[in-house]
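**Q** Give me a 3D structure for the following:
(4 chains)
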2 protein chains.
Amino acid sequence: MASATLKSIAKATGYSVTTVSRALGGFDDVNVDTRQLILQEAQRQGYEPNLQARALQTQRTQTLALVVSMSGPRFPDPFFSEFVAGLGTAAAEARFDLLLVTPNSPADELDVYRRLIAGRRVDGVALIRARFADARIQYLAQTEMPFVVFGRTTGVENYNYIDVDGIAGQSALTQHFIDLGHKRIAYVMPPRNIMFTHYRLQGFSETMRRAGLAVSDDLLQEAELNERGGSRAAETLLNLALPPTAIMAGNDLMALGVMRVIQERGLRVGTDVAVGGFDDIPIAEHMHPGLTTVHQPIFEIGQQVTRILLHRIANPEAPAATRLITPQLMVRASSGPQRL
Amino acid sequence: MASATLKSIAKATGYSVTTVSRALGGFDDVNVDTRQLILQEAQRQGYEPNLQARALQTQRTQTLALVVSMSGPRFPDPFFSEFVAGLGTAAAEARFDLLLVTPNSPADELDVYRRLIAGRRVDGVALIRARFADARIQYLAQTEMPFVVFGRTTGVENYNYIDVDGIAGQSALTQHFIDLGHKRIAYVMPPRNIMFTHYRLQGFSETMRRAGLAVSDDLLQEAELNERGGSRAAETLLNLALPPTAIMAGNDLMALGVMRVIQERGLRVGTDVAVGGFDDIPIAEHMHPGLTTVHQPIFEIGQQVTRILLHRIANPEAPAATRLITPQLMVRASSGPQRL
DNA sequence: ATTGACATCCGAAACGTTTCGGTATACGAT
DNA sequence: ATCGTATACCGAAACGTTTCGGATGTCAAT
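**A** Numbers count the residues shown, from 1 in each chain, chains lettered A, B, ... in the order given. As a prediction, this is how the structure comes out:
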């Protein structure tokens, strides 16, 4: 059978399309008996509103977008799925759907945004992993489209964001290692074009300086945000004439790579070389030894992003919402005992 | 400025909406100069087709759906993000988008499908983690909507699926432990309502029986598909009067939980207790020791699902595609050396 | 002059919904 | 009789696109 429409219900009940629409829409200018009849018929035909048609008419798609580059055959992070889960659950509560869009090349990225925004495909956009002078954000800012960023950027004023205080987080972790008696502390830093790298590096440097400790170039390694990046950096660091006694990685996946290299060399994580991460992804707690790291409430952040977005969609003129979360240090076995 | 439409371009150039549409659509019944002019004007106005309107007219949304229950504040698995990445990249190549839909309760699940399918929100649906007599699949099967399942179910004929041969996979892993000299091999099995549990259990039992080894109830623990499930099961197993010498977990996350418990008890994974997983998620290789597991090419499976789906959408009458992949055993350090 | 073929263009309908601006009826108050 | 008010309903336009079935003009062949 052809799918049910307002028209088919109208024909079956003898009422007009308008009345059917208003009956189903819960308006009060329709007789209770009439509404009953129409509801029954709708039920019988298995009617579901055609969402394209409704969207065309109302100019509302009830959809949010998240654009993610799935570079190579690997997703960035478990981090990511937590974030999406947060976005998704909060969206579902408001009966919004989530459109996950993948540019098939980095060059394609801005086009994808244009297609979404100018094509009125979605009501709002979530952004993750903001970059310096982020072109995506600059484009969005000159648009009517509501958007919320997880992270901060430069060169754009008055946009909605939520971020974790990277300075505070990295500083807390650094201080933790200093308190344990470490002097040669290495930092395996994420790529510099990512905005949070800047803040975390600042947290690290400042804290070291305050403690009167040197940060030699040797002990600062830039690497990819995954296990492999961590492993490579750890190899380099452990091959130094004077290797570090503590290694902080840019995120937990990198920390995992660092730990593996340490263990493969017959050294013990914690006692021989202390390790720290960032993110507190679910497995961080379940590794052996447990990973000392900086907790980001990623799922909750995802939910918040959706909520801000929804609020923004409902109130386009609301002032920009900005939220900075102070993260919590999670001390586990990988940072080891007090040193003598 | 109001957003550009065919009408606004038509007005600006003096041509009709029809001609503008056909010029932009690349039809050959429009003069080259005219097309040039129209393209320029479209460019100038920053025209992007309104996708709702197009979808309404063409009855094509250029969108695929994946419905996932994000039960609790945790995503099921890294497994998941790999799969989504595969789906997404293959979809992007065909200029399709991916709609990620979250029921906000399990009871809501079927309603979500009805909304998507009857509401003509998407052109095709991907399903993951099929269950016994899966109600979602039964619903979809009586619909026109193209769908592809990762996994198999019972009670439905002639549907598109792609699956990994769980019998062969679990059998290979079991045989590997038998070959290493293990006799008391435990299996931490996933929940029984998931279809793949059935196959894997069968692979395990048959292989044990063939080798003349007993499978006592003690050594068969049902647990949740995450670290916690693995940990709990491992506690129980290691507390047995006669604990197993090898533990196979239902997936890699569970194996991670198992490994942690072993290590916390001061035992060594591999030499004291051998451990195996299933999935080969990215971190399996980067754990210490590396996890012996059964590799599922999840990313590629995601791509395949999309491809089958797209083919199905283009050829609604094509016979059902069914694909069974024989997975590969990845032997790493966690299974340990030959026993004497 | 007529025909046919071709190139170029366009009007109007359709997709399914929402909503504005009504109309018709009934009924109590004036 | 007229007015006002409420109740219940509906026609038609609109959202922006695609496409069917022409229309018009040109030009070479008859």
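
**Q** Pretty sure A:Gly257 sits against A:Gly230.
**A** Yes - under the criterion of C-beta atoms under 8 Å, A:Gly257 makes contact with A:Gly230 at 2.7 Å. Every residue, glycine included, has its C-beta placed from N, CA and C.

**Q** Touching both of these two, which residues are there?
**A** Counting by C-beta atoms under 8 Å, 6 or more residues apart in numbering or on different chains, the shared contacts of A:Gly257 and A:Gly230 are A:Ala249.

**Q** And those two? Which one has more around it.
**A** When A:Gly257 and A:Gly230 are compared for neighbours, A:Gly230 comes out ahead with 31 against 26, by other C-beta atoms under 10 Å in any protein chain shown.

**Q** what are the ranges of the strands in chain A?
**A** All strands of chain A, identified by DSSP state E, fall at A:63-67, A:97-101, A:124-128, A:147-150, A:160-164, A:185-189, A:220-222, A:246-249, A:274-276, A:293-295, A:322-325, A:328-330.

**Q** how about the helices in the stretch 1-150 of chain A?
**A** A:6-13, A:17-24, A:32-45, A:51-58, A:78-93, A:109-118, A:135-141 (DSSP state H, counting those that start in this stretch).

**Q** which of the ones you listed is buried the deepest?
**A** Sort these by mean neighbour count, taking mean count of other C-beta atoms under 10 Å in any protein chain shown, and helix A:78-93 sits at the top with a mean of 25.

**Q** from memory A:Val164 sits against A:Pro327, does it?
**A** Yes - judged on C-beta under 8 Å, A:Val164 makes contact with A:Pro327 at a distance of 4.9 Å.

**Q** out of the two, which sits in the more crowded spot?
**A** A:Val164 (25 against 21).

**Q** Any idea what the more buried one is bridged to?
**A** On the basis of DSSP bridges, A:Val164 is bridged to A:Ile325.

**Q** Give me the pLDDT for A:Pro73.
**A** In the prediction, the pLDDT value recorded for A:Pro73 is 51.

**Q** and what of the one 3 residues further on?
**A** As predicted, A:Pro76 sits at a pLDDT of 59.

**Q** Quick check: residues of the stretch 51-200 of chain A near DNA strand C?
**A** The stretch 51-200 of chain A has residues A:Ala53, A:Arg54, A:Leu56, A:Gln57, A:Thr58 near DNA strand C, with proximity defined as C-beta under 7 Å from any atom of the strand.

**Q** And for A:Asp29, the neighbour number?
**A** For A:Asp29, using other C-beta under 10 Å, the count is 7.

**Q** That one against A:Arg22, yeah?
**A** Yes - using C-beta under 8 Å, A:Asp29 is in contact with A:Arg22, at 6.5 Å.

**Q** which residues of the stretch 51-200 of chain A score low on pLDDT?
**A** Per-residue confidence for the stretch 51-200 of chain A (pLDDT under 70) gives these ranges: A:71-76.

**Q** who in it is up against chain B?
**A** A:51-53, A:55-56, A:61, A:63, A:68, A:70, A:73-75, A:77-78, A:80-82, A:84-86, A:88-89, A:91-93, A:97-104, A:114-115, A:117-121 (C-beta under 8 Å from any C-beta of the partner chain).

**Q** Just give me the neighbour total for A:Glu227.
**A** With other C-beta under 10 Å as criterion, A:Glu227 counts 23.

**Q** Contacts only, for it.
**A** A:Glu227 makes contact with A:Leu253, A:Met254, A:Leu256, A:Gly257, A:Arg260, B:Pro282, B:Ile283, B:Glu285, B:His286, according to C-beta under 8 Å, 6+ apart.

**Q** repeat that for 7 Å
**A** Residues in contact with A:Glu227 (C-beta atoms under 7 Å, 6 or more residues apart in numbering or on different chains) are A:Leu253, A:Leu256, A:Gly257, B:Ile283, B:His286.

**Q** One more: A:Val17?
**A** Neighbours of A:Val17 in contact, by C-beta under 7 Å, 6+ apart: A:Leu6, A:Lys7, A:Ala10.

**Q** show me where the stretch 151-300 of chain A has helices.
**A** Using DSSP H, counting those that start in this stretch, helices in the stretch 151-300 of chain A cover A:166-179, A:195-210, A:227-238, A:252-264, A:282-286, A:298-314.

**Q** Now the third one: average pLDDT?
**A** For helix A:227-238, the mean pLDDT works out to 97.

**Q** That helix: which residues count as buried?
**A** A:Glu227, A:Arg228, A:Gly229, A:Gly230, A:Ser231, A:Arg232, A:Ala233, A:Ala234, A:Thr236, A:Leu237, A:Leu238 (16 or more other C-beta atoms under 10 Å in any protein chain shown).

**Q** Next, format those residues as CSV and append distance to B:Leu213.
**A** Formatted as CSV, the buried residues of helix A:227-238 follow (distance: C-beta to C-beta, whole Å):
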residue, distance to B:Leu213
A:Glu227, 36
A:Arg228, 39
A:Gly229, 43
A:Gly230, 40
A:Ser231, 38
A:Arg232, 43
A:Ala233, 45
A:Ala234, 41
A:Thr236, 47
A:Leu237, 46
A:Leu238, 43
